[in-house]
Each structure stands twice: as structure tokens, then as C-alpha cells.
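1. 3D, please:
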Amino acid sequence: MAATMKNLQPLATFFAFALLLESSQAADWTQYRGPNHDGSTVEKIPAKWPASGLRTLWKVPAPGGFSSFAVSQGLAVTQVIREGRECVVALDAMTGKEAWAVELGAADYGHNGGNAGAKGNDGGDGPRSTPTLDGDHAYVLSSDLRLWCLNAKSGKKAWMVDLMAEHGGPNIKWKNAASPLLDGDQVFVAGGGAGSTFLAFDKLTGKVFWKSGTETITHATPVRTTLHGVAQVIFFVQSGLVSLDRATGRELWRQAFRFSVSTAISPVVAQDVVYCSAGYGVGGGAYRISKTDGKWAAEEQWRAHGNGQSANHWSTPLHREGHLYGVFGFKEYATGPVKCVELATGAVKWQKPNFGAGNAVLAGGHLLVLTDLGDLVLLAAQAAEQPELARAHVVDGKCWSTPALSNGRVYVRSTKEAACVELPRALSSR
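-> From the prediction side, this is the model:
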């Protein structure tokens, strides 16, 4: 018996190490486009999937809208329409059972979300903002520009700020689509009026840290970053890019960028270069940010106009090793391509058609794409074109949301339903 136990010790040690390794590669997906708001996660995705597809852990109705999931501490939270009301709904991340739901206001968006009947574009508007989770609280920005802080366990309101009523903020066509950005003890949003377009709130009390700027908002969610040693928040408004000091709200730099109808992607930061783009004939561009003798400047590196090579409608691309990866194109429902674009020049290195107006996330060297028809597709995020690695149909309905990857599971949304699918274990695929 002693000899047997001795022989089992190395095996037990191996399994303990394997479990530790697997858990160290797991992460919560706490807000829109992940914990770092750059669409990436430390989790790894196995390149081989079962021929039968991915195992569905649960699937529930999720009517209306293009809100994505935030996943943390056992909850998966998104925004839907119920009986003509916009709601935030928290589900048990493992079972899909509803934990709580809170009404946010009337579900009136002034638009039907597209041309009903078109392939990959079956109409149906709704909330497009994604909740943000932080420990005991959930932060939600409604289409009518109300910022809510809710108890994550119960949904009970901790505080709420009405940006239009309290800060004079006008709404925009199709109403707000941006998500609250959480960084440290502050929640950043845009939507106030003159002198208050940009707002930073204390996450626990809802009190204003700072407010600044007189701009017109877009549907784009801001991003946090650090450039030349200075922590900042970059907003993408109708005048272009505006970067503010995180601590004070003081403007650091700005870059003009044309607006037409709707701007919806978040800026993409890669070292000292910032990429931005829009549909409706606007196109994309990259700008190098410098700081000399205390003065900030943005210098254009390249600019591509129109709906061609580097237009992103609402699908924010991902940066990896000097290249942008993601869904490019404008209103190419069901047919739009995934592309690899060289960040330094804007040159398209490769493209693959028939992904539509979906969204992608980055996990290690892999690109996980949710097509607008509900397929999850795995590609290698490499400058040299690679074959498609895996594909599985996971949800029905129009998918204009971003998949959330957390603890080996992928949480997806359409205008009809929500689902959680389980990836094969990375260790078992080695």
C-alpha cells in the first residue's frame, strides 16, 4: 500500500499542477470588450473542437438589442427588452437561471435595427450598451443616458444619475449605445451638456469626480490607456478623438476625424498609435501620439477613406503584434469579411469573407469570431493567412454583439436568445 501511494504522488502532483495551470488561464469578462477593454483575455482556446460542435450549457430567451455579456463572480449580465421596457438581467453563469432583473426605462429607439428580412439583418432594435461588473456592483448605462449602480447580488439600486436631467446632456440618433468604462475607483461616461460632456463618477457614491468638454457624443465606448507615462481616457466623439487626463479630466490631445451618421467602434491603442474608424463612407486611420516638452500632438500615419479596406461599422478590431484583426466592412450582412490589416500602413494582409457584421475577441494567438448569423469561428491571429481552425453554430437570430470568454465558456447573444457554450479543455487537447 505504501508503495502504491508513493507511486500515485507524482500523478497527484501532475493533476494539481494541471488544475492550477488551467485556473491561472481563466479570467472574468468584467465589461464591454473584456477586463482590459481591448477585446483580449489571458485565457487560451484549444485549436481543435469536437466534430459534433461545442457543448451548450444553457440557452434562454433574450429578446431585443445588441448588448453583450459581462461575466464575473458567477453572474452573466446583459440588457434586453421585456414587455416594451429596457431591462438589465443577471443570469447564473453556470445554469442560465435568472438571478434578478431591473427595468431601466422605455424601449423606444426610433429605429428598427435594420432592414427587416435582409439576410443576417432581420430587424429588431434594442439596448446596445453592455453592463460593467466590479465586485459587489453592476454599472449600467441605459439608452436614455441614465447611469445605474446596482447591487450585483440582488439588483437593488445603490445610486442612479440621469445625465440628461442632471447634466444637461442631449441624446443622439438611435440613442446611447456606449457602455460605462470602469477604471480604479472611477466610472467614465459621456453624455452631459456644455462643459459636462465627459464625466467621471465615484463608483461607490455616484458623486462627480470631474466633468469637462463640450462635444456631441457618438455610439462609441471610451477606452483607458497610458501614453508616455500618463493615464488617460480616450473618447471618440463627433469631432474626433479627445483624450483626457484620467485624474483631472484635463484635455491632453485631440485628433479631428470626420463624422457621418454614426460612429460606434472604440479607439484601438497600440503603443503610441491610436486607430479609429467608422462606416457611412468615413473609413479608418492611424495616429501617432507624441509628447515633447510637455506638449501633446497627434500625427496622422495613414488615412483610408470610404467603406473599403479599413471601415469598421461597430466591430472594433483587435491589435496583436503590429496588426489589426477583426470584422471590417459596412452593412455587408452575412457576407462581410474578417481582415488582417497592417497597423503601420493600413495595408490589408489577408481577408476571409462571409462573417457579416459580427464581432471578435482575442485569446492568446487565436481570434474568436461571432458571425452575425450565430456561428463561433476560430482563426489564428497571424499576419500570414491561416486556414479556419474550427466552427460551431451556437445561437439563432441576428448577432451584432461581442462574445464574452470567461473560465472556458463563451457567452453569446442574439436579438432572440442567449447561450453559454463550453470550450474543450485546453489541457486535454495537447
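2. ok but residue 361 is inside a strand, no?
-> Yes. Residue 361 forms part of a strand when assessed by DSSP: H, G, I helix; E, B strand; the rest coil.
3. so it touches residue 403, yeah?
-> Yes. Residue 361 is within contact range of residue 403, at 5.8 Å (criterion: CB atoms under 8 Å). Yep, even glycine has a C-beta here, placed from its N, CA and C like the rest.
4. got any residues that touch both of the two?
-> Taking CB atoms under 8 Å, 6 or more residues apart in numbering as the criterion, residue 361 and residue 403 both touch residue 368.
5. Flag every buried residue along stretch 219-228.
-> 219, 220, 221, 222, 223, 224, 225, 227 (16 or more other CB atoms under 10 Å).
6. from those, which two are the most distant?
-> The largest separation in the buried residues of stretch 219-228, counting by CB to CB, is between 219 and 227 at 24.0 Å.
7. Please name the residues that touch residue 327.
-> Applying CB under 8 Å, 6+ apart to residue 327 gives the contacts 312, 315, 317, 336-339, 355-360, 369.
8. Quick check: pLDDT value at it.
-> Residue 327 is assigned a predicted lDDT (pLDDT) of 96.
9. Helix, strand, or coil at the nearest residue to it once chain neighbours are set aside?
-> Leaving aside its sequence neighbours, residue 327 sits nearest to residue 315 (CB to CB, 6 or more residues apart in numbering; 3.8 Å). At residue 315 the chain is in coil, as set by three-state DSSP.
10. is it true that residue 315 touches residue 355?
-> No. Contact criterion CB under 8 Å: residue 315 and residue 355 do not qualify, at 9.2 Å.
11. Looking at those two now, which is surrounded by more residues?
-> Legend: neighbour count by other CB atoms under 10 Å for residue 315 and residue 355, higher for residue 355 (30 against 27).
12. what about the more buried one, distance to residue 167?
-> 39 Å (CB to CB, to the nearest Å).
13. Over to residue 95?
-> 39 Å.
14. Same check on residue 316?
-> For residue 316, the distance to residue 167 - CB to CB - is 26 Å.
15. Residue 171: what's it in contact with?
-> Per CB under 8 Å, 6+ apart, neighbours of residue 171: 144, 145, 164, 191.
16. Could you look up the SS state of the first one?
-> Put simply, residue 144 is coil when judged by three-state DSSP.
17. ok, now the third one?
-> Here residue 164 is recorded as helix under three-state DSSP.
18. Near it, how many other residues are there?
-> With other CB under 10 Å as criterion, residue 164 counts 16.
19. Model confidence score at it, please.
-> So residue 164 comes in at 97 (pLDDT).
20. Burial check on the nearest residue in space to it that is not next to it in sequence, number of neighbours?
-> Spatially, and ignoring its direct neighbours in sequence, residue 164 is nearest to residue 145 (5.2 Å; CB to CB, 6+ apart). Other residues within reach of residue 145, judged by other CB under 10 Å, total 26.
21. Report the separation between residue 219 and residue 320.
-> Applying CB to CB to residue 219 and residue 320 gives a distance of 25 Å.
22. you'd agree residue 224 is in a strand?
-> Yes. In this structure, residue 224 lies within a strand as judged by three-state DSSP.
23. show me the contacts for the residue nearest to it when sequence neighbours are not counted.
-> Nearest residue to residue 224, sequence neighbours excluded (CB to CB, 6+ apart): residue 183, at 4.6 Å. Residues in contact with residue 183 (CB under 8 Å, 6+ apart) are 224, 233, 246.
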